[in-house]
Each structure stands twice: as structure tokens, then as C-alpha cells.
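*Asks:* Attaching a predicted model along with its sequence, questions to come.
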Amino acid sequence: MKLIRTLLLWTLILGACSPGIVPSRTESTTSPSLTPFDPLDDIDLTQAAPIPKFIATIATPHIDQPPDGNVPTLSTWQQECGYQWAYRDLPELSAQFDRAIKALNPQSTSRVSAFGENCVAHDGQVIKFLAMETDFYVKLSVTDLSDHETFGNWIMQVMQVVNDFPPDLLAGPNPGIVEFRFEKSTTESIGFRVTIQGYNEIAGGKTGEELFRMFYAEP
């Protein structure tokens, strides 16, 4: 009996010292909220690159694009062009102009040429010349390079002849220039250019030295 009590006592002691059963942690059955990765999230669409615009290249004619953006169909020679600045002599117009200027002063020499662009093929052959303007060149032999009064009156007379030419005789759509040269010798001369449009806008009936100094700046 004593042995049974002893065993029972130890059983109670061991039972009291044993750790209790710890309940398992409650696990959430709800999955955490996930935000899917979108590679566009970090891109500010308001800063996207602009839509590229059509750029005229050397293979396109030198004209402004129409407002509606419809580029006209190019001819074969236009599609094959590379453009280079060029001059073209105008013999018939030169002869008329020289006669008219010599009537003002026989000591003059004059000529006319067209300025524009050559359409050049890949092999270097000039396919077509496209005139942009008509330019006039006048050289006058003088004995005194300081006679600015006479030079100004000469400018006025020459410009009157230039402006009297019918527009349909001139090459190109734009007004050109008149180059004046006053030559005392092969080593002594003065020269300058007068734009036709500029002269017609600002000359305003001026003559003599006043007109001369409007276009000539002494070095």
C-alpha cells in the first residue's frame, strides 16, 4: 500500500511539472493584398516623346509643305536630285540690259544672270536648273573714286532701268540684286550690292551722295 501511494504521489508531481499544451497560432485564411507590377507605372505618359514630323531632305524639292500635310507627288527628276547653288547666264537679257545702260554711259559694262539651284544626278550630271532670282551686274569706269554724288545718281538711273524690265522676262520668283562696281583701274575700285526689294522699300526718291551712302559702307 505504501508503494502504491508513493507511485501515485510521483505521478501527481510529474503531472504538475509538465508544460501545458500550447494551442497552435491561428493562421489567416485571407491572402495578403498584392499589387501586380506594371512596367508602365514609372512612366509619365504626359512626357512621352512628340510624334515625329516630316523633314524635307535633299531629295525633296525646296518648297514649303502644304498646310494639310499632303506632299505633292514628285516627278522622276525631282526624286533623283541633289541640289547645288548655281548661276546661269542670260545672254538675250544681258544684251538688252547692256544696251540700256550704255545709253546712260558708254563707259559701262553690264550683264545679267539667273541665280538658283542645279538638280544634280548621282553621277554628277546636271538634270535641270531651277531659277530663284535674276541678278544684274554693272561696272562703270571712273576717274575719281570719291565722287559719291555722281555715284548716287548713277545708282538711281540704273535702278530705274532694272525696275522697268517686265517681270515675265526675268527668271525666278524672287527679286534679285544689282551689283555696282566703280573702277578706276584694275587695282582701284569700289563695289557693293543693292537688293532690288530693299531699294524699292527704302530709297524713297533719294539721289546723289545720300543715296550712295545708304548702300555703301567704307572699309
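*Replies:* Good, I have the coordinates. Residues are numbered from 1 along each chain as shown.

*Asks:* What helices and strands are in contact with the longest strand seen in the chain?
*Replies:* Identified as the longest strand of the chain according to DSSP state E is strand 126-141. Packing partners of strand 126-141 (3 or more C-beta pairs under 8 Å, 6 or more residues apart in numbering; DSSP states H and E): strand 82-89, helix 91-104, strand 108-120, helix 148-164, strand 177-183. Just so you know, the C-beta spots here come from the backbone N, C-alpha and C atoms, and that holds for glycine as well.

*Asks:* and it, average pLDDT?
*Replies:* Per-residue pLDDT over strand 126-141 has a mean of 96.

*Asks:* For that strand, buried residues please.
*Replies:* Neighbour-count burial for strand 126-141, with 16 or more other C-beta atoms under 10 Å as criterion, is recorded at Leu130, Ala131, Met132, Glu133, Thr134, Asp135, Phe136, Tyr137, Val138, Lys139, Leu140.

*Asks:* In this structure the last one contacts Ser189, no?
*Replies:* No - counting by C-beta atoms under 8 Å, Leu140 does not reach Ser189; the two are 9.8 Å apart.

*Asks:* which residues are common contacts for these two?
*Replies:* Taking C-beta atoms under 8 Å, 6 or more residues apart in numbering as the criterion, Leu140 and Ser189 both touch Arg181, Phe182, Glu183.

*Asks:* Could you report the distance from the second one to Asn174?
*Replies:* Summarising the geometry, the distance separating Phe182 from Asn174, computed by C-beta to C-beta, to the nearest Å, is 27 Å.

*Asks:* the more surrounded of the two?
*Replies:* Under the criterion of other C-beta atoms under 10 Å, the comparison of Phe182 against Asn174 puts Phe182 first, with 23 against 14.

*Asks:* list the contacts for that one?
*Replies:* Going by C-beta under 8 Å, 6+ apart, the list of residues near Phe182 reads Leu140, Val142, Leu145, Phe151, Ser189, Ile190, Gly191.

*Asks:* Low-confidence ranges, this structure, go.
*Replies:* Counting by pLDDT under 70, the ranges of the chain that qualify are 1-79.

*Asks:* mind running it again at 90?
*Replies:* 1-81, 122-124, 205, 218-219 (pLDDT under 90).

*Asks:* Assign Thr143 to helix, strand or coil.
*Replies:* Following DSSP: H, G, I helix; E, B strand; the rest coil, Thr143 is assigned to coil.

*Asks:* Distance of it relative to Gln107?
*Replies:* 10 Å.

*Asks:* picking that back up, out of the shared contacts of Leu140 and Ser189, the closest to Leu211 would be?
*Replies:* Closest approach between those and Leu211, by C-beta to C-beta: Phe182, at 13.9 Å.

*Asks:* hang on, the earlier thing: the inter-axis angle of the longest strand of the chain versus helix 148-164?
*Replies:* Taking axes from the mean of the first three to the mean of the last three C-alpha atoms, to 10 degrees, strand 126-141 and helix 148-164 form an angle of 140 degrees between their directions.

*Asks:* CA atoms only: put strand 126-141 into CSV for me.
*Replies:* Extracted C-alpha coordinates of strand 126-141, given in CSV (Å, rounded to 0.1, in the frame of the first residue of the first chain):
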residue,chain,number,x,y,z
VAL,A,126,23.0,68.4,-114.2
ILE,A,127,19.4,67.3,-114.9
LYS,A,128,17.7,70.7,-114.5
PHE,A,129,18.4,74.3,-113.4
LEU,A,130,15.8,75.9,-111.1
ALA,A,131,16.0,79.7,-111.2
MET,A,132,15.3,81.6,-108.0
GLU,A,133,16.1,85.2,-109.0
THR,A,134,17.6,87.4,-111.7
ASP,A,135,20.7,89.3,-110.8
PHE,A,136,22.2,92.4,-112.6
TYR,A,137,25.9,93.4,-112.7
VAL,A,138,27.0,96.9,-113.7
LYS,A,139,30.6,98.1,-113.9
LEU,A,140,31.4,101.8,-114.6
SER,A,141,34.9,103.2,-115.5
